[in-house]
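[1] Would you be able to build a 3D model of this:
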Amino acid sequence: MTVIGLDDTDSRERGMCTTYVADTVARRLEAAGASVERTLLVRCNPAVEHKTRGNAALAIHADADVETALDVAGDVVGEAAETDDDRTNPGLVVADDAPEAVPDSIAGFAREAVPDSIAGFAREAVRDHLTRDAAATLVSEVGYRSRGWKNGRGVIGALAAVGAWRAFDDWTAEYITYREPDRWGTERDVDYDSVFEAADEHYPTVWDTVDRTSGEAVCVPRTPGPVLYGIRGDDPSVCRQVADAIGSEPVADARTFVTNQGTDAHLRHGTLQGARGGRSYRLDGTVAAPPETRRGGHVFFPLVDDDAELQCAAFEPTKRFRDRVRALRPGDRLTVCGEVGDGTLKLEKFAVRELNRTELVTPTCPDCNRRMESAGRGQGYRCRDCETTADGKVERRVDRDLELGWYEVPPRARRHIAKPLVRGGFDDTTHPEK
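    Got it, this is the predicted structure:
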């Protein structure tokens, strides 16, 4: 088995899509007589500075020989990559290794698998920052073949894609359809009623197809490029069923990708004190002050533990999720998930572990039921009419709009790699957004 990794062929402004490049490579290999076992779509660290759009790297697992794979993939990248964009720096890596250690039933031993060092590199590419030099050194050490265009930064993601199948256990699916080339850059012709009907019928096996509250078809991109729509879910056959039920302009090609989307593979466990910028975390803490809505509609609050404080934010594009954040009160105990940057954690989801259900209020006179007044600094409270007194403020139960459990941003604002609550496997009650 040969593993072909590629990355960084698209552009934020000019379009293209690395999944389309991978699909084209796979089709040309099949036309040359090779068999393609699977194609991987690997979302790397969403916080890296040099990402294009979704920071996706791709891998094709095929039985082609290395030279054929290198020639075919190199030709496709050279033709399709948007290298006129200063930020686009494609990379290609070809490995003559099994993606995992698979017993050879004829020879009676396991083929040499993708090494642990490459799997470790893949994990770091999803959770941390890596350099071109580190990738080049590792490619040389393990004897892989590689090519780079311009500064070759895409070799980092390409190498990560090679190691991903060994690195991760949780995989989902995306069925991506592509437009006819002469339609690229034009408005997409999609029957949105059919999108919502198909999404409703197959939810929750298929998720993040639409945002039911905002009425948006999340699966249909707005950027220029070859993708018509992409259907994500846990069962690839059901993703295909949803796609088949959508009315649209002609579909030129389509392919199912195995992907780490919707898995939270980017999150690392940490502490408020140890959280570093450019990485994503799962952190525990307590709300220290009431949430504040600032200019632009962004909502901020401080989270504290015994050692540190960190600002958390729900930004305007998360829309109704901000109401969940505004409902927090000082003393609420949380687990928060999201990317840290510029001293702020950008919330993707949070779990309410404990709610502060009381507040301190000025006492009421037990005789006349009127609110008492301060008797002076440090002297408690008194009722001027009844002469009753109280030593200080008293606790009063507060009705809360939140319940214990997990809350998340809506589908319209969810990162590709973030795990939707509807997928399950969380450690508390969930309140999924649809």
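[2] quick one: low-confidence ranges for the stretch 251-400 of the chain?
    Per-residue confidence for the stretch 251-400 of the chain (pLDDT under 70) gives no ranges below the cut-off.
[3] Check the stretch 51-200 of the chain too.
    Looking at the stretch 51-200 of the chain by pLDDT under 70, you get 51-53, 101-112.
[4] what are the ranges of the strands in it?
    Taking DSSP state E, counting those that start in this stretch as the criterion, the stretch 51-200 of the chain carries its strands at 56-62, 91-95, 145-148, 172-178.
[5] residues making contact with the shortest one?
    Which is strand 145-148. For strand 145-148, the external contacting residues (CB atoms under 8 Å, 6 or more residues apart in numbering) are 66, 70, 74, 77, 89-95, 136, 139, 154-155, 158-159. (C-beta placed from N, C-alpha, C; glycine too.)
[6] do that again at 6 Å, thanks
    Outside strand 145-148, the residues within contact range by CB atoms under 6 Å, 6 or more residues apart in numbering are Leu70, Gly74, Gly91, Leu92, Val93, Val94, Val139, Val155.
[7] Show me the one of the strands of the stretch 51-200 of the chain that comes nearest Val25.
    For the strands of the stretch 51-200 of the chain, distance to Val25 was read as CB to CB. The smallest value, 5.7 Å, belongs to strand 56-62.
[8] Quick one: distance of that closest one to the chain centre.
    Relative to the mean C-alpha coordinate of its chain, strand 56-62 is positioned 18 Å out (CA atoms, centre = their mean, to the nearest Å).
[9] Repeat that for stretch 141-155.
    26 Å.
[10] Could you work out the end-to-end span of it for me?
    With CA to CA, to the nearest Å applied, stretch 141-155 spans 15 Å between its terminal residues.
[11] cool, and stretch 419-427?
    From the first residue to the last, stretch 419-427 extends over 13 Å; the measure is CA to CA.
[12] go on, stretch 318-337?
    Using CA to CA, the two ends of stretch 318-337 sit 14 Å apart.
[13] Contact partners for Asp332?
    Applying CB under 6 Å, 6+ apart as the definition, the contact partners of Asp332 turn out to be Val287, Leu355, Asn356.
[14] Repeat the analysis, applying 10 Å as the threshold.
    Under the criterion of CB atoms under 10 Å, 6 or more residues apart in numbering, the contact list for Asp332 reads 285-288, 301, 303, 350, 352-357, 400, 402.
[15] Could you check how far it is from Leu272?
    In this structure, Asp332 lies at 15 Å from Leu272, with CB to CB, to the nearest Å as the measure.
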